[in-house]
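Asker: below: sequence and its predicted model.
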Amino acid sequence: MKIGLIGLPNSGKTTIFNALTCMDAKTSMYADVKAQPNVAVVDVDDERVARLSNMYRPKKITRATIEMIDFPGLKSGSAHNGSFGGNGLSMIKYADALALVVRNFHDDLAGPATPLRDMDDIETEILLSDLIAVETRLERIEKTLNRGQKSGALLAEERVLRTISEHLNENKPIRELAFTEDDEKLIRGFQFLTKKPFLVVLNSDEAIFGRNEELIATIESKYRVIEFAGRFEMELSRLGDDEAVAFMEDMGIRMSARERLTRFAYQTLGYISFFTVGEDEVRAWSIHKGDTAVDAAGAIHSDLARGFIRAECFAYNELIACGTEKKVRENGCFRLEGKDYPVRDGDILSIRFSV
């Protein structure tokens, strides 16, 4: 899972990035659209991995991960002049989701906080970016058709893109449209920004953190939102565990920024975790809610999906309740599932396959 942090200059994106990743990426009052994105991979905290590891004593423990990408600050009007996202635009397109960081603190350079206006500015920029991509492609398709080079695939693509163009011109994101499976294949390569899952990170001043209920309610009318005190949480990430816990208690924060965002991202983006266990390795895997056993097999290795026979399956909660795999079997909780079985959060799988 790749989450791209986007926002206006001086919104505190890199501060949030440092808080989430425990890194020390340089923060600056001045945006540099030519700067390269900061990238880091963070573990998803899941106490189930720790409990399974205590039971199996594996040689290796592998947690699920999220790749965080901190893009350079975006400027209003940048979609018009082609500089939207700077060198990072190609990377933004391949993020699985976008997290918009909005400033909720006074900044000496940018002035008073205007989070709702900042949200509107960025929403406009990414919508325009998609619209420019659609119109550019439609112009090329029209030239091809005028030369008499018609095909069913080209006409289908034109139809879908014109529907998208009309929707974008009404200032509506592509994610609101419903597509058939065939239409999805036609537009997959565009990696439209407004089609991606979108969440908001409200970056508040420490003095007002936890007291922005009305603002959060307004944002929630459109998007899922999570609040951070970015500067405070970046400093927390640099403290020892005991010291950090003491400061978190003073602020009424029960979990670290990384824990809160990873859980929030899983809920917002519809991800679940399943596990593979054994003496060699205990590992957590991330898939979308509703994915099948063969999808889970493919997440482990393409060969397992191609040669899928059955999935041996039991639930984490059943294992904890029974105490051992042997008792799971004795209690009738061990199952063999086919390729269409919808994997549930906490399932422990072993794939039978033949290639």
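Answerer: Received, thanks. In this text the structure is predicted, and so the values were computed from the model without any measurement.

Asker: all contacts plus neighbour counts: C-alpha atoms, from now on.
Answerer: Noted.

Asker: now the strands for the stretch 151-300 of the chain?
Answerer: 198-204, 224-228, 271-276, 281-288 (DSSP state E, counting those that start in this stretch).

Asker: winner for burial among the ones you listed?
Answerer: Per-stretch averages of neighbours, counted by mean count of other Cα atoms under 10 Å, single out strand 198-204 among the strands of the stretch 151-300 of the chain, with a mean of 24.

Asker: chain center to that one: distance?
Answerer: Centroid displacement of strand 198-204 relative to its chain, using Cα atoms, centre = their mean, to the nearest Å, is 13 Å.

Asker: and it, what other elements does it pack with?
Answerer: Contacts defined by 3 or more Cα pairs under 8 Å, 6 or more residues apart in numbering; DSSP states H and E place strand 198-204 against strand 97-104, strand 224-228.

Asker: if we can go back for a sec, make JSON lines from the strands of the stretch 151-300 of the chain and add distance to Lys2 and mean pLDDT to it.
Answerer: What follows is those, written out as JSON lines (distance: least, Cα to Cα, whole Å; pLDDT from 0 to 100):
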{"stretch": "strand 198-204", "distance to Lys2": "12", "mean pLDDT": "95"}
{"stretch": "strand 224-228", "distance to Lys2": "17", "mean pLDDT": "93"}
{"stretch": "strand 271-276", "distance to Lys2": "12", "mean pLDDT": "96"}
{"stretch": "strand 281-288", "distance to Lys2": "12", "mean pLDDT": "96"}
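
Asker: could you dump those strands to CSV with distance to Gly148?
Answerer: Formatted as CSV, the strands of the stretch 151-300 of the chain follow (distance: least, Cα to Cα, whole Å):
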stretch, distance to Gly148
strand 198-204, 40
strand 224-228, 47
strand 271-276, 45
strand 281-288, 43
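
Asker: hey, which helix is longest across this protein?
Answerer: Using DSSP state H, we find that the single longest helix of the chain is helix 115-146.

Asker: all strands for the stretch 1-150 of the chain, in order.
Answerer: Per DSSP E, counting those that start in this stretch, the stretch 1-150 of the chain carries strands over the ranges 2-6, 38-43, 60-62, 65-70, 97-104.

Asker: deepest in the core, which of these is it.
Answerer: For these, the highest mean count by mean count of other Cα under 10 Å goes to strand 97-104, at a mean of 26.

Asker: report the mean per-residue pLDDT for that one.
Answerer: Strand 97-104 carries an average pLDDT of 95.

Asker: what do you get for stretch 138-149?
Answerer: 93.

Asker: next one: it to chain centre, how far?
Answerer: Chain-centre distance of stretch 138-149: 36 Å, with Cα atoms, centre = their mean.

Asker: what's the answer for stretch 211-228, then?
Answerer: Computed by Cα atoms, centre = their mean, the chain-centroid distance of stretch 211-228 equals 18 Å.

Asker: figure out the length between the terminal residues of it.
Answerer: 12 Å (Cα to Cα, to the nearest Å).

Asker: show me what counts as buried in that stretch.
Answerer: Ile216, Ile219, Arg224, Val225, Ile226, Glu227, Phe228 (16 or more other Cα atoms under 10 Å).

Asker: and the contacts of it?
Answerer: Contact with stretch 211-228 is made by 16, 116, 198-204, 209-210, 257, 261, 264, 268, as judged by Cα atoms under 8 Å, 6 or more residues apart in numbering.

Asker: so who does Trp62 touch?
Answerer: No, residue 62 isn't Trp; it's Thr. By Cα under 8 Å, 6+ apart, the neighbours of Thr62 are Glu281, Val282, Arg283, Ala284.
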